[in-house]
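A.B. asks: Sequence first, predicted model second:
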Amino acid sequence: MADNVSCAQTKEYSAIVLDPIYCMYGDLDENSAGDVADLMNELRKLANKSRAAIVFAHHFSKCNQAGKESPDRISGSGVWGRAVDTNVSITAHEAENAYVLEATPRGFRKIDPFVIKWEYPLMMRDCALNPGKLKTAICKNPIYTTRDLLTTLAVENLTTKEFKEAVIEKSGISQSRFYELTVELKETPGVVYDEKERVWSYESPTSANLN
């Protein structure tokens, strides 16, 4: 991040877009409030040094999001939704190729939600569609489960980065799904996560059901 700040100081930018943000994770745990807060502080430093707006794209947690407030749809720690100056959420509408855009600024009045629709080659505003009609389809069962993580962790203790890379190489799981499953994994009997060292271990492999 320090190198990025130095580089930004040598040029004039109005905006710096990080899409997607998980490419900057490294050993960061997106479910850890402390880790996310540290990343946000680094992004603020980049904004101050470059005098540019920092825009980043993040993902929703899995399954349908219609029943949640827009900041709560973000995957991982609640810091993602609380630390930003403006949260812009784009959620599937019940109409085909349509989405509801919600913007929640920190220091200004909340913008009323509206619908945008994909009309090649642009997204166009569609005032005829009701923004309250979010898609509410029942989500499918996830392809990956904590079992995919446990079978890797049972072999050796791993840092978060090593753990992620090993699971992705073995199963083909996405980074976002890996981080979602680590939340459940922390509640699994026998699994220990050292917050300070960021090391995962599985002390009692025989106590968990791997079938």
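C.D. replies: Perfect, thanks for sending it.
A.B. asks: So which residues of the chain form helices?
C.D. replies: 2-9, 33-50, 79-83, 146-153, 160-171, 175-185 (DSSP state H).
A.B. asks: what about this protein, any weak spots by pLDDT?
C.D. replies: Residue ranges of the chain with pLDDT under 70: 1-10, 61-68, 137-142, 204-211.
A.B. asks: Residue 174 versus residue 181, what's the distance?
C.D. replies: 10 Å (C-beta to C-beta, to the nearest Å). For glycine as for every other residue, the C-beta is placed from the backbone atoms N, C-alpha and C.
A.B. asks: again, but for residue 52
C.D. replies: As for residue 52, its distance to residue 174 is 29 Å (criterion: C-beta to C-beta).
A.B. asks: same thing with residue 12?
C.D. replies: 36 Å.
A.B. asks: between these two, who's got more neighbours?
C.D. replies: residue 174 (14 against 9; other C-beta atoms under 10 Å).
A.B. asks: which ones are touching that one?
C.D. replies: Taking C-beta atoms under 8 Å, 6 or more residues apart in numbering, we find residue 174 in contact with residue 168.
A.B. asks: again, but for residue 132
C.D. replies: By C-beta under 8 Å, 6+ apart, residue 132 lies in contact with residue 113.
A.B. asks: For residue 201, see how far away it is.
C.D. replies: With C-beta to C-beta as the criterion, residue 132 and residue 201 are 47 Å apart.
A.B. asks: Which strand residues bridge residue 105?
C.D. replies: residue 86 (DSSP bridges).
A.B. asks: doesn't residue 88 make contact with it?
C.D. replies: No. Here residue 105 does not reach residue 88: they are 9.4 Å apart, not a contact under C-beta atoms under 8 Å.
A.B. asks: Just send the helices of the chain back as a markdown table, with mean neighbour count and distance to residue 72 too.
C.D. replies: What follows is these, written out as a markdown table (neighbours: other C-beta atoms under 10 Å; distance: least, C-beta to C-beta, whole Å):
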| stretch | mean neighbour count | distance to residue 72 |
| --- | --- | --- |
| helix 2-9 | 13 | 29 |
| helix 33-50 | 16 | 14 |
| helix 79-83 | 19 | 7 |
| helix 146-153 | 20 | 23 |
| helix 160-171 | 17 | 24 |
| helix 175-185 | 19 | 14 |
